[in-house]
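Undergrad: this one's structure only:
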């Protein structure tokens, strides 16, 4: 762990932006291996002359040689006075009184204090998406809630108007100018995305405020001192601001310093008497600042004039690049050496999971910057307020050779994205340290400070849902990012560790789905980038934390329902671990089970399997889906075998409990049901209900002919007619080629528990259970592993609950109820959700395959003439007579 801001260090480590630079000269940096880099960032504009500027060091050397005292407050600092005089000479208009500070944010704080005491008013007006620093006052003036959350910011008496909108500013001034102390804004929004306002906006805003008696504070902390091709962005203004703020470049890249330069009419002696700072006015910083001004001003500002010329040149080169790659670059912005490239919303490209995650969660330009510095050796950085904009702020001394090198590097990254070659974009992230990442991937800090907090109910939006997914197998990585198939084995291992470090996040927005009843729902896919093996054992706590964070992210987006896909349900104990956070949860297991059972009954009918006499085997019967599936199938089955995990010492007790639940549910079920009871249900109904429910399990041995349990899988499958596989194992458990001909297998497990095999000629049919045909197509972007008209049962339940307006948790834990199953069946019929056509491993089960299987089952049935294979003859001692049920009539087969 880093001892210096470990949270930031982790983020930099994830994106490989933590290289150790050991030497810098001008626009060049050198790492510990001697590799050379082009600095195209200049510390966000704080390095006007690059690294180790000779004149700055010379000024410091002269100060040392003269034994200049640096910190002598409250005595007078001659160097600070000299700097203040120089600033009065070079700033426009009558800006002439300077207060020095140690940073940009501290400079903003001083301006806010001065404005309030001078005006006698409290409100500070600023612009949306502006940036003024991260101390509390400066943060409150920063019009971006992302940075304010959790810090009780904005503080009282701060408000915002749209940037560049003079009409909005004027309306606010007309309405409440007498309560506004000052309007603070930037001539170009830097961190906000290098946003240039309409021509004349800044000067007109100053004039409007002056007309209404409101002070103006022009924040040129980033634009000032040559960055835009002028000494100040306001150099040519007829209307100068009441306060001009400088920092960054003023220190020449060597010393931290800021300056608030004020017109005499805006100055207040009360502020001057009360405001001070220990390290402000220090002689060393003032000395370097004077040297900086000297270098910028010499030869009639020749350096700044070159910045203006070269700024026009590089902007033209970048605009050429934008025209060549319009699918990659959306816009080129800025002027001088303060430029930004806005990239297209790459999450909308639909062909990459990693770009989707990066796009929705603010990591696109971090990935691009990482590639540029690690592969092309060009240092850039994302912008704080706009994650789609890459900042380009080279040192003012950089000539056209350096500009051309940067443009060539940018062209390389544009070509990679244009060609969907994301492997080349990210390979350096996993190749840099080989298998080291595979052992311990970097962990990204939670995206907000409220990831596991309770979401206020009033913030949930009806019809909006979130659905949590993850990689179920390595192949999922390649399906959602085809170019990543270029990974070798070691790179893939490192990639899985790296992507886990990204943490949870939104990866796709699901468009509107309209139900048969006319209701509309839409939502988001949220990724927990872990494989099932990562979620077990020591990884379980980490997985639960990530899932809880994903639920909170969905809640922050207004989701009224969050569903848990695949292992995210299992690792949270069917959702139990993430309930109670203000967002209703569903594991999706109920509709998954209902759909699987419905599909089984449909295929039985089509292939001639008499389910009421069939032997049904449920593998994973003590799990949530297995248990509910067994209870539903027990209504229709001839006999049933429950199979549990032989490695679980509690399996016998769990299976016995499931058997008890089945018998109790059948005994209690009303005789007016809509399903046709099989031999198992009829036999139970013949018994006295109360006795059946309360008979101890050992006394139920007489039901062994119709209901039994075991942990020995192969014998259980030996004479099965129908098999439901629903375990939480992430490995293959069943080889279908070893089953007897005429066996129908429904595999609900994800990842699959039934081995993929060529079943031609085996007489066995396998299909994926729990798939649903929703009322409309479902767009899952790069995660579209199923046809658009087919969805996972857990996702379908999530959508169904959002469409129907259900407000409580559903399908939680391992004891799913028949009442909820019947309710969701009815809701599914109302809204148009149906079992999907049978498929297996992505291939549709054809009509010819179904007919061939039906013929095989008929042969199997003929072989059983004269007795049921593997089933002992019924005895009066084991089962009561079935004569009473001989007159049962067929009822409607309505399961939904």
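TA: Sure thing, it's come through. Keep in mind that this is a model prediction, so the values were computed, not measured. Residues are numbered from 1 along each chain as shown.
Undergrad: now tell me what touches the helix or strand hosting residue 526 from outside.
TA: For residue 526, the element it lies in under DSSP states H and E is strand 520-527. Residues outside strand 520-527 that contact it (CB atoms under 8 Å, 6 or more residues apart in numbering): 353, 357, 463-470, 504-515, 550, 553-554, 557, 559, 780-781, 783, 798-799, 802-803. (Glycine included, C-beta is placed from N, CA and C.)
Undergrad: whichever of those end up buried, select them in PyMOL.
TA: Selecting the buried subset of these in PyMOL, with 16 or more other CB atoms under 10 Å as the burial test, is done by:
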select buried, resi 353+357+463+464+465+466+467+468+469+470+504+505+506+507+508+509+510+513+514+515+550+553+554+557+559+780+781+783+798+799+802+803
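Undergrad: next SSE after the strand or helix carrying residue 366?
TA: Element membership of residue 366, judged by DSSP H and E, is helix 364-374. Moving toward the C-terminus from helix 364-374, the next helix or strand (DSSP H and E) is strand 378-379.
Undergrad: quick one: strands adjacent to that next one?
TA: Sheet pairing for strand 378-379, assigned by DSSP bridges, gives strand 36-39 (parallel).
Undergrad: now the partner strand: mean pLDDT?
TA: Summarised as a single mean, pLDDT over strand 36-39 is 98.
Undergrad: how about residues contacting that strand?
TA: With CB under 8 Å, 6+ apart, strand 36-39 has contacts from 21, 24, 27-31, 47, 50-51, 373, 377-379, 394-395, 402, 405-406.
Undergrad: again, only this time at 6 Å
TA: For strand 36-39, contacts defined as CB atoms under 6 Å, 6 or more residues apart in numbering pick out 27, 28, 29, 30, 377, 378, 379, 402, 405.
Undergrad: so which elements touch the helix or strand following it?
TA: Of the helices and strands lying after strand 36-39 in sequence (DSSP H and E), the nearest is helix 42-45. Where contact means 3 or more CB pairs under 6 Å, 6 or more residues apart in numbering; DSSP states H and E, helix 42-45 is not packed against any helix or strand.
Undergrad: can you pull the buried residues of the helix or strand following helix 42-45?
TA: Using DSSP H and E, the helix or strand that follows helix 42-45 in sequence is helix 54-65. Under the neighbour-count criterion of 16+ other CB under 10 Å, helix 54-65 has 55, 56, 59, 60, 63 buried.
Undergrad: can you tell me the helix or strand for residue 297?
TA: For residue 297, the element it lies in under DSSP H and E is helix 283-324.
Undergrad: quick one: distance of that helix to the chain centre.
TA: In terms of CA atoms, centre = their mean, to the nearest Å, the centre of helix 283-324 is found 39 Å from the chain centre.
Undergrad: quick one: distance of whichever helix or strand comes after it to the chain centre.
TA: Next helix or strand after helix 283-324 toward the C-terminus (DSSP H and E): strand 329-335. Its chain's C-alpha centre and that of strand 329-335 lie 26 Å apart, by CA atoms, centre = their mean.
Undergrad: and for stretch 330-338?
TA: Relative to its parent chain, stretch 330-338 has a centroid offset of 29 Å by CA atoms, centre = their mean.
Undergrad: quick one: residues in contact with that stretch.
TA: 194, 227-229, 307, 311, 318-319, 322, 340, 342, 344, 393-394.
Undergrad: list only those of those residues flagged as buried.
TA: Buried members of the contacts of stretch 330-338, scored by 16+ other CB under 10 Å, are 194, 227-229, 307, 311, 318, 322, 340, 342, 344, 393-394.
Undergrad: out of those residues, which one sits closest to residue 817?
TA: The closest of the buried ones among the contacts of stretch 330-338 to residue 817 turns out to be residue 344 (CB to CB; 47.8 Å).
Undergrad: which residue comes closest to the closest one once chain neighbours are left out?
TA: Nearest residue to residue 344 in three dimensions, chain neighbours excluded: residue 330, at 4.9 Å (CB to CB, 6 or more residues apart in numbering).
Undergrad: from residue 338, how far off is that neighbour?
TA: As defined by CB to CB, to the nearest Å, residue 330 lies at a distance of 18 Å from residue 338.
Undergrad: now swap in residue 750 and tell me
TA: The spacing between residue 750 and residue 338, counted by CB to CB, is 50 Å.
Undergrad: which residue, other than its chain neighbours, is closest to residue 485?
TA: What sits nearest to residue 485 in space, not counting adjacent residues and going by CB to CB, 6+ apart, is residue 478, at 5.0 Å.
Undergrad: okay, now the one you found: neighbour count?
TA: As a burial measure, residue 478 scores 15 neighbours (other CB atoms under 10 Å).
Undergrad: let me know the pLDDT of it.
TA: pLDDT for residue 478: 94.
Undergrad: is it true that it touches residue 486?
TA: No: here residue 478 does not reach residue 486: they are 9.8 Å apart, not a contact under CB atoms under 6 Å.
Undergrad: would you map out the domains in this structure?
TA: Domain assignment for the chain by automatic domain parsing gives 6-51+302-439, 71-290, 459-609+736-867, 613-720.
Undergrad: quick check: which ranges of the stretch 301-450 of the chain have low pLDDT?
TA: 432-450 (pLDDT under 70).
Undergrad: sorry, wrong one. I was asking about the chain.
TA: Across the chain, the ranges flagged by pLDDT under 70 are 432-459, 671-674, 687-704, 864-896.
Undergrad: now stretch 251-262, how far from the centre of its chain.
TA: With CA atoms, centre = their mean, you get 38 Å for stretch 251-262.
Undergrad: name the nearest residue to residue 621, ignoring sequence neighbours.
TA: residue 642 (3.7 Å).
Undergrad: ok, residues contacting the helix or strand containing that neighbour?
TA: Residue 642 is part of strand 639-643 when elements are defined by DSSP H and E. Contacts with strand 639-643, where a contact means CB under 6 Å, 6+ apart, come from 615-619, 621, 634, 655, 658, 680, 706-710, 713, 716.
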